[in-house]
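> pasted the sequence and its predicted model underneath.
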Amino acid sequence: MTLTIDVGNTRIKGAVFEEDKALECCVFSKDEIQKNIVIILKKYPKITHLVVASVGNVEKQLFLDFEKELQVWFVSHDDAFPFVNRYATPKTLGIDRMVLAAGATLQFRGQNRLIIDAGTCVTYDFVDQNDVYLGGAISPGLRLRYEALHQYTEKLPLLSVSDPNHFIGKSTAESIHSGVVNGLVHEINGFVDEYSAQYSNFIIILTGGDTEFLAKRLKNTIFANSNFLLESLNQIFQYKIKND
């Protein structure tokens, strides 16, 4: 059994896998990493491997402390991935983006894939049908957009993510909700339209913390899975075992 951990910018997500089957997924804060791993290991004593992908500011030692009990693997740029990386600066490509691209490559064979990760940032990653990673885009996520409007203006309030009541905002709060939410929805639809115009045999994968909020608002048919990164971590670990 395998425990996969995704260390993001704002939270930690984990999942327990028995081969390809996810048994449990969980979310916890950065100051409760070891406590929650201990709880998971007590519940699933057959776990033998801990697989970690980290873009957040968390000490590796918090995971290495479990080396007596588990084999610990941190995904890095030096590992083998199931795609050809054509990114101009491959060492600067986020590990989370590489893991998502790997999962899409392994799960959706022979297709053009656009992976959209809607979290703190919204990342777009494209892998073509020949398993070549070409790059993508990065933009602010929903909460970053709300925070930026508040922090970089004198009078705009800090609001929580909420459904716009109408496309035309009739108050300052409504205008912010409309601008942030509808703006991101139009951005995502626009990116998808551009990729779709150039590539056929196409699949769109939406993941990240804002998956459910955004999925029902997008006009395009998508594969929505908020735990796709955790599943991709398990898949790339299985890929590593087979190719070592």
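Nice, I can see it. Residues are numbered from 1 along each chain as shown.
> hmm, Ile203 is touching Arg113, no?
Yes. Ile203 is within contact range of Arg113, at 5.4 Å (criterion: Cβ atoms under 8 Å). Heads up, the C-betas are built off the backbone N, CA and C, glycines and all.
> so for those two, which sits in the more crowded spot?
The neighbour comparison of Ile203 against Arg113 (other Cβ atoms under 10 Å) goes to Arg113, with 28 against 15.
> Leu159: neighbour count?
16.
> which residues touch it?
By Cβ atoms under 8 Å, 6 or more residues apart in numbering, the contact set of Leu159 is 146, 150, 173, 176-177.
> the closest residue to Asp193 other than its chain neighbours and Asn112: what is the separation?
Leaving out its chain neighbours, the residue that sits closest to Asp193 by Cβ to Cβ, 6 or more residues apart in numbering is Asn220, at 7.9 Å. Going from Asn220 to Asn112 by Cβ to Cβ, to the nearest Å gives 14 Å.
> of these two, which one has the most company?
Neighbours were counted for Asn220 and for Asn112 using other Cβ under 10 Å; Asn112 has more, 21 against 14.
> surely the more buried one meets Phe202?
Yes. Counting by Cβ under 8 Å, Phe202 is a contact partner of Asn112 at 4.8 Å.
> elements contacting the helix or strand hosting Leu233?
Assigned by DSSP states H and E, Leu233 belongs to helix 228-243. Counting contacts by 3 or more Cβ pairs under 8 Å, 6 or more residues apart in numbering; DSSP states H and E, helix 228-243 is packed against strand 2-7, strand 12-18, strand 21-28, strand 49-54, helix 95-107, strand 202-207.
> for Val51, what are its contacts?
Here Val51 is in contact with 2-5, 73, 75, 233-234, 237 (Cβ under 8 Å, 6+ apart).
> looks to me like Thr123 is in a strand.
Yes. Thr123 sits within a strand when classified using DSSP: H, G, I helix; E, B strand; the rest coil.
> what residues are up against the residue nearest to Gly110 when sequence neighbours are not counted?
Spatial nearest neighbour of Gly110, chain neighbours left out: Gln129 (5.6 Å); criterion: Cβ to Cβ, 6+ apart. If you count contacts by Cβ under 8 Å, 6+ apart, Gln129 has them with 110-112, 199, 201.
> let me know the pLDDT of the residue nearest to Asp193.
Listed pLDDT for Asn220 reads 79.
> also Val84?
Note on Val84: pLDDT of 97.
> tell me the contacts of the residue of the chain most remote from its centre?
In terms of distance from the mean C-alpha position of the chain, Lys170 ranks first, at 34.0 Å (Cα atoms, centre = their mean). By Cβ under 8 Å, 6+ apart, no residues touch Lys170.
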